[in-house]
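J.: Starting from these lines, generate the structure:
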Amino acid sequence: MKPFRQEALLLLLLWTLSGCGADGSAQKQVESSAPDALVSSSEKEDHILSTLSATVDEGRTLTLQAIGKQRTDLDEWGVREVRVYDGESLLQTLSVQDAIEAGGIDGIEAGYTSCWSVEEAMTIHDMNFDGYDDLDLFGWSPNNTIPHYYWLWDQETQRYQFAFILQGAEADPESQEIRATVKSFGGDGPEGGFYQTNIYRYVDFGELALVRREVTQIRDGKSLLEVYQVTDGQFHLVETREAPDGTA
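T.: Take a look at the predicted model:
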């Protein structure tokens, strides 16, 4: 496992909710369906949760279909797989199980994600600054910042490749960095909490290196920000300051 994944996953496991068993019969039904032919007798069985268009090389448009279902006892939805179509042809099927095995958590059932809305279960962003739409799945609901599973479009293989799991990730095209922020509130809510932002840069396709960390401790509405530079895995404090507005 890459070093940055080990560190990120330790944070993920501090604030985790998990799910339970899986249903293989629904999976068999879904795998034989064409893009617009999937029919479900119930929201509690696998069906098309959402469909998005993704633009990749030379403006080619792919269709992404999130296949999943609603939890039986709550208003939560889980994605089991994402089907990628090039026109009417199935290009590939992306399994959530791959993300779970890389350090994720079972959602509404084993092998599914867990999200409080269908609309947020699957989104697309350019996460590696190449101009192509990458896949973002809402992972599960801990009691702080939401973890997401990311697949990047690989121009060389013409396929999506699973890349990483991050909480609160934002891609900054100007700096070519990924900022991932974990928030944990204390007994006083936002007036007494902890924010940790890890800043990553790509060193290879889908491989991130931690280059900087910003840690904010909030007490009585005031915040102290510490900035650490990361060199060869070692953290060096380079700046300490108080944010005047009480936030980092």
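J.: Quick check: phi and psi on residue 102?
T.: phi -90, psi 0 (degrees, to the nearest 10).
J.: strands paired with the longest strand along the chain, and their directions?
T.: The strand that spans the most residues within the chain, counting by DSSP state E, is strand 189-204. When pairing is defined by DSSP bridges, strand 189-204 lines up against strand 177-186 (antiparallel), strand 207-219 (antiparallel).
J.: Give the buried residues for that strand.
T.: Buried residues in strand 189-204, defined by neighbour count with 16 or more other Cβ atoms under 10 Å: 193, 195-200, 202. To be clear about C-beta, it is placed using only N, CA and C from the backbone, and glycine gets the same treatment.
J.: same check, this time on stretch 70-83
T.: Of all the residues in stretch 70-83, those buried under the rule 16+ other Cβ under 10 Å are 70-71, 76-83.
J.: Next: stretch 229-237.
T.: Residues residue 230 are the ones in stretch 229-237 that count as buried (16+ other Cβ under 10 Å).
J.: Which residues does it contact?
T.: Stretch 229-237 has contacts (Cβ atoms under 8 Å, 6 or more residues apart in numbering) with 3, 210-213, 226-228, 238.
J.: tell me the least confident of those?
T.: Lowest in pLDDT among those is residue 3, which has 45.
J.: Report the buried members of the contacts of stretch 229-237.
T.: 210-213, 226-228.
J.: Could you dump the residues you listed into JSON lines and include distance to residue 169?
T.: Converted to JSON lines, those look like this (distance: Cβ to Cβ, whole Å):
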{"residue": "210", "distance to residue 169": "13"}
{"residue": "211", "distance to residue 169": "15"}
{"residue": "212", "distance to residue 169": "15"}
{"residue": "213", "distance to residue 169": "15"}
{"residue": "226", "distance to residue 169": "21"}
{"residue": "227", "distance to residue 169": "19"}
{"residue": "228", "distance to residue 169": "19"}
